[in-house]
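K.L.:
Just a sequence and a predicted model for now, questions to come.
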Amino acid sequence: MKTIQKCFGLSAAILLPLITSHSQTASAPDQGPPVPGIAPAPAPPLNPETSFFYDSLAPYGQWLWVDPYGWVWTPNSVAPGWRPYTDGSWAYSDAGWTWVSDVSWGWAPYHYGRWFFHDHRGWCWVPGSEWAPAWVAWHWGDGYCGWAPLPPLVAWQTRTDWDAVISAHSWCFVAHRDFCRPHLYEHLALVAQNVTLLRETRNVTRLEIRDRSVVNLSITAEQVAKATGQRINRLAINEIHSPSLVDRGAATLNIYRPEVKETRVVTRIENHAVVNHTSEPTFAQMRRNETARRELEGSQARAREALERQHESELRQPPHGLTALQLQERHEAEHHAFNEHVARQNQVFENTLQNQSRPAPARPGLARGGSNRR
């Protein structure tokens, strides 16, 4: 009997692992043969407008695919709170008030296509084929003038209520006395004040087609001359064949206005996703990130202090026609707008840290990539 028990125990010890293994294999789903590495999906094709600008703008920013717009471009080396149409100045030309950019890539995104704000990427540009002195809406009122990028997918010929489709934080306002100054980003009102300035000014946007070109008739030279006390000279547009020659003179404004058409792209087209996680940052990158974070926090603190000083000044000498309750409501609205703007800046900044990637390398001999810095 003991011999039988001993043999049964030995058999069970040998067979039980085999039975268990077979049971687990049978109950598991059929995995099939090993799957080889999957190649990344090819980048979506470029439309003619994107192909025309792709090589020229690749050294200065990143091309991304964002639904529903398709391929869009976002510039490198701009602050989280940056807005389009701030790094430059206005010149009065044959086409009306025309944006003259301080940056080398400004000939394209400020005169073709449209801009929109992406919650994670910040401001992005959708390529277009039609040139304009600036694709912006306008506000004008006592003491202030403002402009904001026209959004994509909206027909400018039929739209009249631009304030319904342009968010308050998109606007740039300057005092009348500063409108003709260079480097307008140095003179912009605080973004938090936009909610007030939009109520105190009116939308005067007016674009028309004349001689087969878009002209800006929103604000006249006489209006600006009267508001600023300066003589406004109308500059004759002189078309040039290189963006490196874009400049203004005493009587002329050199502009680069090429015809947009399908173009062979030389730069490698990357399949960039909107969210693109990369490897762990290096120690040097972490130090740069921390420096950038301190700069952002410092900028936000200075803006908050400036807003508080403005509010204290208005409390000492309230604006004409406002009751104490109305002034309080204005300040509360501006504080709310300020906090929203800070939250947007922080969101863009944090996403930028997660999506750090090299810009496309500059290619020597770019046909449309020169600098127009003066």
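P.N.:
Sure, I can see it.

K.L.:
How is residue 318 assigned, secondary-structure-wise?
P.N.:
Secondary structure state of residue 318, per DSSP: H, G, I helix; E, B strand; the rest coil, is coil.

K.L.:
element containing the nearest residue to it once chain neighbours are set aside, please.
P.N.:
With sequence-adjacent residues excluded and distances taken as Cβ to Cβ, 6 or more residues apart in numbering, residue 318 is closest to residue 327, at 5.5 Å. Where C-beta positions appear, they are placed from N, C-alpha and C, glycine not excepted. Element membership for residue 327 (DSSP states H and E) is helix 324-354.

K.L.:
Pull out the buried positions in that helix.
P.N.:
330-331, 333-334, 337-338, 340-342, 344-346, 348-349, 351-352 (16 or more other Cβ atoms under 10 Å).

K.L.:
Contact partners for the residue nearest to residue 318?
P.N.:
314, 315, 318, 319 (Cβ atoms under 8 Å, 6 or more residues apart in numbering).

K.L.:
Please determine how far it is located from residue 316.
P.N.:
Residue 327 sits 11 Å away from residue 316 when distances are taken as Cβ to Cβ, to the nearest Å.

K.L.:
tell me how far whatever helix or strand residue 100 lives in is from the chain's mean position?
P.N.:
Applying DSSP H and E as the criterion places residue 100 in strand 96-101. Here the centre of strand 96-101 is set off from its chain's centre by 19 Å, with Cα atoms, centre = their mean, to the nearest Å.

K.L.:
so what secondary structure elements neighbour that strand?
P.N.:
Packing contacts for strand 96-101, counted by 3 or more Cβ pairs under 8 Å, 6 or more residues apart in numbering; DSSP states H and E, involve strand 88-93, strand 213-216, strand 252-256.

K.L.:
got the angle between it and strand 88-93?
P.N.:
150 degrees (axes from the mean of the first three to the mean of the last three Cα atoms, to 10 degrees).

K.L.:
Okay, buried residues for strand 96-101 please.
P.N.:
By neighbour count on 16+ other Cβ under 10 Å, the buried set for strand 96-101 is 96, 97, 98, 99, 100, 101.

K.L.:
So for it, mean pLDDT?
P.N.:
For strand 96-101, mean pLDDT is 98.

K.L.:
between that strand and strand 252-256, how many degrees?
P.N.:
60 degrees.

K.L.:
if I pick residue 214, what's in contact with it?
P.N.:
95, 130, 131, 132, 133, 207, 208.

K.L.:
buried subset of the residues you listed?
P.N.:
95, 131, 132, 133, 207.

K.L.:
ok, now which ones touch the first one?
P.N.:
What it means is residue 95. 132, 133, 213, 214, 215, 216, 237.

K.L.:
if we can go back for a sec, between the helices and strands packed on strand 96-101, which one is nearest to residue 45?
P.N.:
strand 252-256 (26.6 Å; Cβ to Cβ).

K.L.:
Am I right that residue 290 sits in a helix?
P.N.:
Yes: assessed with three-state DSSP, residue 290 lies in a helix.

K.L.:
Could you report the neighbour count for it?
P.N.:
Other residues near residue 290 number 10, with proximity taken as other Cβ atoms under 10 Å.

K.L.:
Residue 202 now?
P.N.:
11.

K.L.:
helix or strand right after the helix or strand containing it?
P.N.:
Using DSSP H and E, residue 202 sits in strand 201-203. Counting by DSSP H and E, the next helix or strand C-terminal to strand 201-203 is strand 207-210.

K.L.:
strands paired with that next one, and their directions?
P.N.:
strand 213-216 (antiparallel) (DSSP bridges).

K.L.:
Which SSE is immediately downstream of the strand it pairs with?
P.N.:
Following strand 213-216 in sequence order, the next helix or strand is helix 221-228 (DSSP H and E).

K.L.:
Helix or strand for the most centrally placed residue in the chain, just tell me which one.
P.N.:
Residue closest to the average C-alpha location in the chain (Cα atoms, centre = their mean): residue 123, at 1.3 Å. If you go by DSSP H and E, residue 123 is part of strand 122-126.

K.L.:
what angle sits between the next helix or strand after that strand and helix 221-228?
P.N.:
Later in the chain than strand 122-126, the nearest helix or strand by DSSP H and E is strand 136-141. Counting by the same axes, to 10 degrees, strand 136-141 lies at 50 degrees to helix 221-228.

K.L.:
counting contacts, what elements does strand 136-141 pack onto?
P.N.:
Against strand 136-141 (3+ Cβ pairs under 8 Å, 6+ apart) you get strand 144-149, helix 194-200, strand 201-203.

K.L.:
give me that answer again for 6 Å
P.N.:
The contact analysis (3 or more Cβ pairs under 6 Å, 6 or more residues apart in numbering; DSSP states H and E) places strand 136-141 against strand 144-149, strand 201-203.

K.L.:
Can you say which of those strands is packed in most?
P.N.:
strand 144-149 (a mean of 25; mean count of other Cβ atoms under 10 Å).

K.L.:
mind listing what that one pairs with, with the direction of each?
P.N.:
strand 136-141 (antiparallel), strand 172-175 (antiparallel).

K.L.:
Next, the angle from it to strand 122-126.
P.N.:
60 degrees.

K.L.:
List the neighbours of strand 144-149 that are in contact with it.
P.N.:
84, 115, 136-139, 166, 170-173, 175, 179, 197, 201 (Cβ atoms under 6 Å, 6 or more residues apart in numbering).

K.L.:
And for stretch 290-310?
P.N.:
190, 192, 338, 342, 349.

K.L.:
mind redoing it with 10 Å?
P.N.:
Residues outside stretch 290-310 that contact it (Cβ atoms under 10 Å, 6 or more residues apart in numbering): 79-81, 189-193, 331, 334-335, 337-339, 341-342, 345-346, 348-350, 352-353.
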